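Peer 1: just to be clear, the model below is a prediction. Sequence and coordinates:
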Amino acid sequence: MKKNTISKVLSAALVGSMLVASSTAMVAADDTVINVYSFTDEVPNMLQKYVDEHPDFAYTINSTIISTTDGLYQPALDQALATGGADAPDLYCAEAAFVRKYTQGDAVGYAATYEDLGIDLSQVESSGIAPYSIEIGTNPDGNIVGLGYQATGGAFIYRRSIAFNTFGTDKPEDIAEIIGAGSGEWDKFFEAAETLKEKGYAILSGDGDLWHPVENSSEEGWIVDGKLHIDPKREAFFDLSKQLKDSGYSNDTRDWQDAWFADMKGEGEKEVFGFFGPAWLINYTLAPNCGGTTEGEGTYGDWAVCESPVGFFWGGTWLLANKDSAKKEAVAELINWVTLDSSEDGLQHQWANGSTYGEGGTKDVVAAESIMTITPKVTLHSLQARTCLMYSYQLTNLQTAKTLPSTMRPSTATGEIRFVSTLLATRPKKKLSRLSNRW
């Protein structure tokens, strides 16, 4: 039987009474259909890839995709889980912003444990999944109910030309020292901001860029013992934000707005030194908004990465299974391939090497350290190859290991360090006056 993805993307007008179309309901009643709920088409496309490559997998994927933009995804997912029946999701996705609701909060009761699904949990250790990702996906009883396919450890992504013009160096190890990398403090970062200001630069675009490393390096969650809890690091953000604004160290933008994207091109009020973020921010946000596709256009080719003052993560998608699904074995097969299979045929290997949908795709940081510590063959020809891979292999574990709370720390990163040393050693030697040709 030919395997086809049955996908419907729901807009605001369709969510609610038309949550599940009648035509889909007829298909969903088929025992060979796996219902998937997601907020983007990324995971559904992965699952379809598995179906296409495994003709013995006797199921089709029925995807319901609802954007989180207007706050519609969670209510739709909650209704579908509560209603149950043939149209209920067998597999569903949750992102970092709200995943704990489904792994540890009010909606945890719908999730099957990976053990009950029959997934070999020894792979979690052998694959080297970052502890923060495991902790987030573990329910209050200590059982894993969700895992992700990415590792989203954060770094400081900066412009080499501005670094050299301001500090006389653009080397990642030097910039890391200048901004207080790994210190867990912000004093040196703001000292660097003052130096940059004197040269006419902003260290960040806006305080949203500062919020992500602060919020996602906090020791405790927002709810502790059933009560609202403001972690001291989050409370300190108010002072940091005020200092950033009052001192004129940023362009006072809001992230995901036009002015923020303009700063990535170098077209803002003041040229911006850097951004905090993980590999996906580079791959899917910075790269398409840098103002060019070849060196000399916009800020393309002018970026490098170093360790952040604090260890943090930002984003990620966790895969969960409905405990009432009648297709647990098939769902487990899909989840295992996406999150834990570290073989060359597994999603982890393909996603890291940009080969999921053919050679030459975007490379990304995956959850399995066993994949990330394999030294790949790299062609230094693009923003992704020059910046993202260097970042990916260095920062996935190295940067976060130093300052994250103990439950969130990944394991060692000798493989990442070894890779970056090799990559930096092969950096083209160009005259300093030709910064547009240097990565």
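Peer 2: Received, thanks.
Peer 1: show me where this protein has strands.
Peer 2: 5-10, 33-38, 60-66, 91-95, 147-148, 155-159, 223-224, 227-228, 274-277, 303-306, 317-321 (DSSP state E).
Peer 1: would you tell me which of these gets closest to residue 102?
Peer 2: Nearest of the strands of the chain to residue 102, taken as C-beta to C-beta: strand 91-95 at 4.7 Å. Backbone N, C-alpha and C define where each C-beta goes, glycine included.
Peer 1: wait, residue 346 touches residue 337, no?
Peer 2: Yes. If you go by C-beta atoms under 8 Å, residue 346 and residue 337 touch, sitting 5.9 Å apart.
Peer 1: can you show me the helices along the stretch 251-400 of the chain?
Peer 2: Using DSSP state H, counting those that start in this stretch, the helices of the stretch 251-400 of the chain run over residues 258-265, 279-281, 328-339, 347-353, 369-372, 383, 389-395, 398-403.
Peer 1: related to what we said a few turns ago, anything in contact with each of residue 346 and residue 337?
Peer 2: Residues touching both residue 346 and residue 337 (C-beta atoms under 8 Å, 6 or more residues apart in numbering): there are none.
Peer 1: follow-up on the earlier one: okay, the helices of the stretch 251-400 of the chain in TSV with distance to residue 170 next?
Peer 2: Below are the helices of the stretch 251-400 of the chain laid out as TSV (distance: least, C-beta to C-beta, whole Å):
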stretch	distance to residue 170
helix 258-265	18
helix 279-281	20
helix 328-339	37
helix 347-353	27
helix 369-372	25
helix 383	16
helix 389-395	13
helix 398-403	19
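Peer 1: can you say which of these is nearest to residue 181?
Peer 2: helix 398-403 (7.8 Å).
Peer 1: could you pull up the mean pLDDT of that closest one?
Peer 2: Averaging pLDDT along helix 398-403 gives 34.
Peer 1: stretch 332-347 too?
Peer 2: 95.
Peer 1: repeat that for stretch 182-202.
Peer 2: On average, stretch 182-202 scores 97.
Peer 1: now it - C-alpha only, CSV.
Peer 2: Below are the C-alpha coordinates for stretch 182-202, written out as CSV (Å, rounded to 0.1, in the frame of the first residue of the first chain):
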residue,chain,number,x,y,z
GLY,A,182,31.3,30.6,31.5
SER,A,183,31.5,33.0,34.5
GLY,A,184,27.8,32.9,35.3
GLU,A,185,28.0,36.7,35.7
TRP,A,186,27.2,39.7,33.5
ASP,A,187,29.8,42.2,34.7
LYS,A,188,32.4,41.6,31.9
PHE,A,189,29.6,41.5,29.3
PHE,A,190,28.5,45.0,30.3
GLU,A,191,32.1,46.2,30.4
ALA,A,192,32.4,45.0,26.8
ALA,A,193,29.1,46.8,26.0
GLU,A,194,30.6,50.1,27.2
THR,A,195,33.7,49.6,25.0
LEU,A,196,31.4,48.8,22.1
LYS,A,197,29.3,51.9,22.7
GLU,A,198,32.4,54.1,22.6
LYS,A,199,33.0,52.7,19.1
GLY,A,200,29.4,53.4,18.1
TYR,A,201,28.1,49.8,18.3
ALA,A,202,25.3,48.1,20.3
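Peer 1: so where's the longest helix in the chain?
Peer 2: Of all the segments of type helix in the chain, defined by DSSP state H, the longest one is helix 232-246.
Peer 1: give me the mean pLDDT for that helix.
Peer 2: 91.
Peer 1: next: stretch 149-156.
Peer 2: 92.
Peer 1: name the residues of that stretch that come out as buried.
Peer 2: For stretch 149-156, the neighbour count (16 or more other C-beta atoms under 10 Å) marks 149, 150, 151, 152, 153, 154, 155, 156 as buried.
Peer 1: format these as JSON lines; extra columns: distance to residue 245.
Peer 2: Shown next, in JSON lines, are the buried residues of stretch 149-156 (distance: C-beta to C-beta, whole Å):
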{"residue": "149", "distance to residue 245": "37"}
{"residue": "150", "distance to residue 245": "32"}
{"residue": "151", "distance to residue 245": "32"}
{"residue": "152", "distance to residue 245": "27"}
{"residue": "153", "distance to residue 245": "28"}
{"residue": "154", "distance to residue 245": "22"}
{"residue": "155", "distance to residue 245": "24"}
{"residue": "156", "distance to residue 245": "20"}
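Peer 1: now, these that are in helices?
Peer 2: Among those, no member falls in helices (DSSP H).
Peer 1: export only the CA atoms of the longest helix of the chain, formatted as PDB.
Peer 2: Extracted as PDB, the C-alpha positions of helix 232-246 are listed here (Å, rounded to 0.1, in the frame of the first residue of the first chain):
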ATOM      1  CA  PRO A 232      16.600  35.200  41.600                       C
ATOM      2  CA  LYS A 233      18.200  35.100  38.100                       C
ATOM      3  CA  ARG A 234      14.900  36.100  36.500                       C
ATOM      4  CA  GLU A 235      14.400  38.800  39.100                       C
ATOM      5  CA  ALA A 236      17.800  40.200  38.300                       C
ATOM      6  CA  PHE A 237      16.800  40.500  34.600                       C
ATOM      7  CA  PHE A 238      14.900  43.700  35.500                       C
ATOM      8  CA  ASP A 239      18.100  45.400  36.600                       C
ATOM      9  CA  LEU A 240      20.000  44.000  33.600                       C
ATOM     10  CA  SER A 241      17.400  45.200  31.200                       C
ATOM     11  CA  LYS A 242      17.300  48.600  32.700                       C
ATOM     12  CA  GLN A 243      21.100  48.900  32.500                       C
ATOM     13  CA  LEU A 244      21.000  47.800  28.900                       C
ATOM     14  CA  LYS A 245      18.400  50.500  28.000                       C
ATOM     15  CA  ASP A 246      19.600  53.300  30.200                       C
END
